[in-house]
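Colleague: following is a predicted model, sequence given first.
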Amino acid sequence: MEKLKQLLQRRENRICADCSAPDPKWASANIGVFICVKCSGVHRSLGTHISKVLSVTLDKWTDDQIDSMVEVGGNSQANAIYEAFLPEGYRKPHPDSSQEERQNFIKSKYELQEFLEPSLRIGSDAAKHAANTSHSSSSKSEIGMIEFIGILNVKVIGGTKLAIRDMSTSDPYVVLTLGQQKAQTSVIKGSLNPVWNEELKLSVPRQYGPLKLQVLDHDMVSKDDVMGEAEIDLQPMINAAAAFGDPEQLSDVQIGRWLKSDDNALTTDSAVMVTGGKVKQEVSLKLQRTESGELTLEMQWIALNM
Ligand SMILES: [Zn+2]
């Protein structure tokens, strides 16, 4: 992380590589640029096969990701490649540019690679091959240019008294679904009280529904059995965070609450807290459509368009 911070402090990296907004706190780890929060939203919408967006302050980086940032060498070096053939008089977005201008530019620059040296562009055979074999080409079209309003980090903590689906136990794992996106934990073998402590990440679009959660029993021979499900209403957290603004400016305080009712799966009221400059919410759920089982999660919300 120290290497990354040093790189970020270099003068050229104190402005967004795409729109020149000051003090960028996000980065595209595979492209090797530091970007502002608004541009990071557009990068994310291109899909991780094009741009893998990480927060410089909030995310955990692998050594490989840091090394690849250091290897590129920062915004000037990256732009020397990605903007090598920027047409004369072309106007790059500025910090107050519209979402549309930003999207058009970032898409042209990184996805279509229109400003790259001609032999390296997508139209060349090598790039065509890479595009065809991209495993996420189908999900790309679905995601398209959806504008994401934030990132939801869900730490799946653990379950208690889960239902039995094998002889005397189960091999549970958790699947989270938000719109088209899915994320899942690893399988814990032979446990009805599993502990995962695993963090899953989802991007939240402007039009979002409930976060759906399913616990499944991993089965080697047949289809995995459902061990219960639940829905999480994200509105209390997202609305409270929007109302209170930048959490880094707040001291620790409760900003909202999702109340237990007959219509939801909560086992107890769930408070939305600002803790150490982060918006967090702990949720305990009674699994539905099953005979028994509870699940505990901790969610963190990172708004993108503050
Ligand atoms: Zn920017």
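Modeller: Noted; the coordinates are in hand.

Colleague: same for the helix or strand where His43 lies, what does it pack against?
Modeller: Using DSSP states H and E, His43 sits within helix 37-45. If you count contacts as 3 or more Cβ pairs under 8 Å, 6 or more residues apart in numbering; DSSP states H and E, helix 37-45 packs onto strand 26-28, strand 53-55, helix 99-106, strand 148-160. The C-beta positions use only the backbone N, C-alpha and C, and glycine is treated the same way.

Colleague: make a markdown table out of these and add mean neighbour count.
Modeller: Shown next, in a markdown table, are the helices and strands packed on helix 37-45 (neighbours: other Cβ atoms under 10 Å):
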| stretch | mean neighbour count |
| --- | --- |
| strand 26-28 | 27 |
| strand 53-55 | 20 |
| helix 99-106 | 18 |
| strand 148-160 | 20 |
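
Colleague: closest one to the ion among those?
Modeller: Of all these, it is helix 99-106 that lies closest to the ion, at 7.1 Å by Cβ to the ion.

Colleague: packing partners for that closest one?
Modeller: Counting contacts by 3+ Cβ pairs under 8 Å, 6+ apart, helix 99-106 is packed against helix 37-45.

Colleague: next, the angle from the helix it packs on to helix 99-106.
Modeller: For helix 37-45 against helix 99-106, the angle by axes from the mean of the first three to the mean of the last three Cα atoms, to 10 degrees is 60 degrees.

Colleague: if we can go back for a sec, what sits up against the helix holding His43?
Modeller: Among residues not part of helix 37-45, those counted as contacts by Cβ atoms under 8 Å, 6 or more residues apart in numbering are 16-19, 21, 24-26, 28, 35, 50-51, 53, 93, 95, 99, 102-103, 106-107, 110, 143-149, 151, 203, 304-306.

Colleague: same question, stretch 235-255
Modeller: 149-150, 204, 208, 256-258, 270-279, 281, 299, 301, 303, 306.

Colleague: and for stretch 257-275?
Modeller: Residues contacting stretch 257-275 (Cβ under 8 Å, 6+ apart): 230-233, 236-237, 240-241, 244, 247, 250-256, 279-288, 294.

Colleague: now that stretch: how far from the chain's centre is it?
Modeller: 23 Å (Cα atoms, centre = their mean, to the nearest Å).

Colleague: same check on stretch 46-56?
Modeller: That offset, for stretch 46-56, works out to 9 Å (Cα atoms, centre = their mean).

Colleague: among the contacts of stretch 257-275, name the ones in strands.
Modeller: Residues of the contacts of stretch 257-275 located in strands (DSSP state E): 230-232, 253-256, 279-286, 294.

Colleague: and of these, the nearest to the ion?
Modeller: Closest to the ion, out of all of the ones in strands among the contacts of stretch 257-275 and judged by Cβ to the ion, is Val279, at 22.5 Å.

Colleague: burial of the closest one, as a residue count?
Modeller: Residues lying near Val279 (other Cβ atoms under 10 Å) number 23.

Colleague: and for the one 10 residues further on?
Modeller: Arg289 has 10 neighbours, counted by other Cβ under 10 Å.

Colleague: what does this structure put close to the ion?
Modeller: Neighbours of the ion within the chain, by Cβ under 5 Å from the ion: 16, 18-19, 21, 36, 39.
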